[in-house]
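> need a structure here:
(2 chains, ligands or ions: 2)
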Amino acid sequence: MLWSAPHLPSRAMSPDTSPAIELRGASKTFRTPSGGLHTAVNGLDLTVGRGEFVAVVGPTGCGKSTTLTLVSGLEEPSEGEVLVAGEPVRGVGDKVGFVFQQDATFPWRTVLSNVMAGPRFRGVPKAEAKEKAREWLARVGLTAFEDRYPHQLSGGMRKRVALAATFVNDPEILLMDEPFSALDVQTRALMSDELLELWEGTRASVVFVTHDLEESIALADKVVVMTAGPATVKQVYDIDLPRPRKVESVRLESRFIEIYREIWESLGEEVRITRERGAAHVA
Amino acid sequence: MSPDILSTPVVDTVKTPPDRAHSRARAARRRKIVVAVFRALLLVAVLGLWELLSRTKAIDPFNFSMPSKIWDQIYTWLTHGTALGSLGEQIWYTLYEALLGWVIGVAAGVVCGIALGRITFLADVLGPYIKVLNSIPRIVLAPIFVIWFGLGPASKVASAVVLVFFPVFFNAFQGAREVDRNLVANARILGASDRRVTLQVVIPSATSWIFTSLHVSFGFALIGAIVGEYIGATKGIGLLVAQSQGTFNAAGVYAAMVILAVVALVAEGLLTFAERRIFRWKPTGSDS
Ligand SMILES: Nc1ncnc2c1ncn2[C@@H]1O[C@H](COP(=O)(O)OP(=O)(O)O)[C@@H](O)[C@H]1O
Ligand SMILES: [Mg+2]
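Ligands and ions are numbered 1, 2, ... in the order given. Coordinates of the predicted model:
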């Protein structure tokens, strides 16, 4: 519990009764280049409890990434409210960590410097930032690579850098947007296990977006199924699989398969709707 | 940039058996030598043909001069100095004006480019004016600068600045506009202020764009300085060209051109060297 100790005070300050994240009727409308309006998220209600690992699944393009940008404060909702720790989100706060779908490591910084970036941006002195960064690099097994540049690493290693760079900031809220979707299957399972281990050390509240149902069940306490776009919550499933989990073995358990079947019934329908819409567009 | 780099094969000594790697390396070396020899032959052929045509009066030696005379001219300048003073002094004078103009032009171009790239309001207000200024053929400003700033270095520096500013500005602007939105979002999430985003994300991303323009723009700075000197100066290679022309000394004009070319090549080499140091983070093989 090395990592929960330092931010105990800040947690004690915010009212413990309020959930980590709350979206109340949140909508997001984009203006398309052709001048029309496109609703990506529509009247979304979602609550994430403290220390909870929530996975959000939905068909591609339904508005999952948009939902995360609303929680992060990178974008404002067009309607409705987004609360983090009981307070309305105003711009990017210091509680949030975000692992992006695309590579977002700074290519001109070395691995060490990339992980130091967060603390440095937040005004931590250099020596201290370096020490913290080294600690997290050790956790993700990249100590030997601290002087490399991102282009000299494999995709999995770059993702580890991104994880370390996010965790080094001690986020209370961890947003992950299909973080492992670009990785091969084996690396992905490995990274998922590592993520669970890192998370269990911090007990941050997580929103993990994915379009892979297996991944979501293996990781999460709660799986939220989104409708085909514009995104609203269709159904929420509690995952009662015991922790600690290993994603490779947990997906062989009969309970896992049961849950999978149950959720797929709901998700499959949305996927089909999305696919049919796509076909209609092509035609 | 240079063909030497393009033709250097990647020798993978780990996977290929040693003898094969060896013979491949030898073949690469041989190819390099062949290229160098043919390059030298081409130069000798062109210069030889020029010399021959000139000596046989197939072309007018008075107008076209010949390589041997040009060499004599450079040699005379080197050993006895020019009519304006020592050759080194002329080179230094021109270089000083070009460098000063280049530095000022680059600094102004980068600052304005990044500022307009980041602040949409500024870009919207100033955009049309910049387009108008850019459409003026700026070399015609050189005589005006000589009138304004006199025969000294200031007028040449000014011509160099106006020539350098725009390409650097447009590249810095483009670079700031094309920054990966993910990187900016990531920096903001990690806690970067707007100022930090500009300094630590936008500027590093824009450096490849800016460097592209630096190569071209140093040439522009030299042109600015030379043209300024040509129009009116007390020293410099441009004045050397003007004087040689005034005395119908074609060899002198060519000799000054050769010297300029050497200066420009050395500067280009230094720039490439600096670029390699700065862009160590880039994957090799991607052009920079
Ligand atoms: N900045 C934007 N401008 C216009 N449309 C957008 C923008 N961002 C996302 N969209 C649209 O909103 C919808 C949802 O996108 P997104 O949240 O990225 O989906 P997901 O992450 O679920 O695949 C898509 O149709 C997408 O085209
Ligand atoms: Mg997405």
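> run through the residues of chain A sitting next to ligand 1.
A:30, A:32, A:38, A:40, A:58, A:60-66, A:229 (C-beta under 6 Å from any ligand atom). Heads up, the C-betas are built off the backbone N, CA and C, glycines and all.
> so which of those belong to strands?
In strands, judged by DSSP state E, the following of those are found: A:Phe30, A:His38, A:Ala40.
> against A:Thr66, how distant is the second one?
As judged by C-beta to C-beta, to the nearest Å, A:His38 and A:Thr66 stand 10 Å apart.
> how about the last one?
Here the criterion is C-beta to C-beta. By it, A:Ala40 lies 4 Å from A:Thr66.
> quick revisit: looking at A:His38 and A:Thr66, which one has more neighbours?
Taking other C-beta atoms under 10 Å in any protein chain shown, A:His38 and A:Thr66 do not tie; A:Thr66 has more neighbours (22 against 13).
> so who does that one touch?
Applying C-beta atoms under 8 Å, 6 or more residues apart in numbering or on different chains, we find A:Thr66 in contact with A:Lys28, A:Ala40, A:Val41, A:Glu75, A:Ala231.
> of the residues you listed, which is the nearest to ligand 1?
Proximity of these to ligand 1 (C-beta to the nearest ligand atom) peaks at A:Ala40, which lies at 3.3 Å.
> and the pLDDT for that closest one?
At A:Ala40, the model reports a pLDDT of 91.
> I'd guessed it sits against A:Phe30; true?
Yes: in this structure A:Ala40 lies within contact range of A:Phe30 using C-beta atoms under 8 Å: 6.0 Å.
> neighbour count: those two, which is higher?
Using other C-beta under 10 Å, the more surrounded residue of A:Ala40 and A:Phe30 is A:Ala40, with 22 against 14.
> could you identify the most distant pair in the contacts of A:Thr66?
The two members of these with the most space between them (C-beta to C-beta) are A:Glu75 and A:Ala231, at 13.7 Å.
> more neighbours: which of these two?
Using other C-beta under 10 Å, the more surrounded residue of A:Glu75 and A:Ala231 is A:Ala231, with 30 against 19.
> ok, the more buried one - contacts?
If you count contacts by C-beta under 8 Å, 6+ apart, A:Ala231 has them with A:Ala40, A:Val41, A:Asn42, A:Leu44, A:Gly58, A:Cys62, A:Gly63, A:Lys64, A:Thr66, A:Thr67.
> got the phi/psi numbers for the nearest residue to it once chain neighbours are set aside?
Setting aside the residues directly before and after it, A:Ala231 is nearest to A:Gly63 in space (C-beta to C-beta, 6 or more residues apart in numbering or on different chains), at 3.2 Å. Summarising the backbone geometry of A:Gly63 under the convention degrees, to the nearest 10, its torsions are phi 120, psi 20.
> what does B:Gly191 give?
According to degrees, to the nearest 10, B:Gly191 has phi 120, psi 10.
> tell me the secondary structure at residue 280.
Just going to use chain A. Here A:Ala280 takes the helix state, with states given by DSSP: H, G, I helix; E, B strand; the rest coil.
> nope, chain B please
Going by three-state DSSP: B:Arg280 is coil.
> so it makes contact with A:His151?
No: checked against C-beta under 8 Å, the pair B:Arg280 and A:His151 is beyond contact range at 10.5 Å.
> following the chain past the helix ranked longest in chain B, name the next helix or strand.
Residue-count comparison of every helix in chain B, with assignments taken from DSSP state H, identifies helix B:18-55 as the longest. Next helix or strand after helix B:18-55 toward the C-terminus (DSSP states H and E): helix B:61-64.
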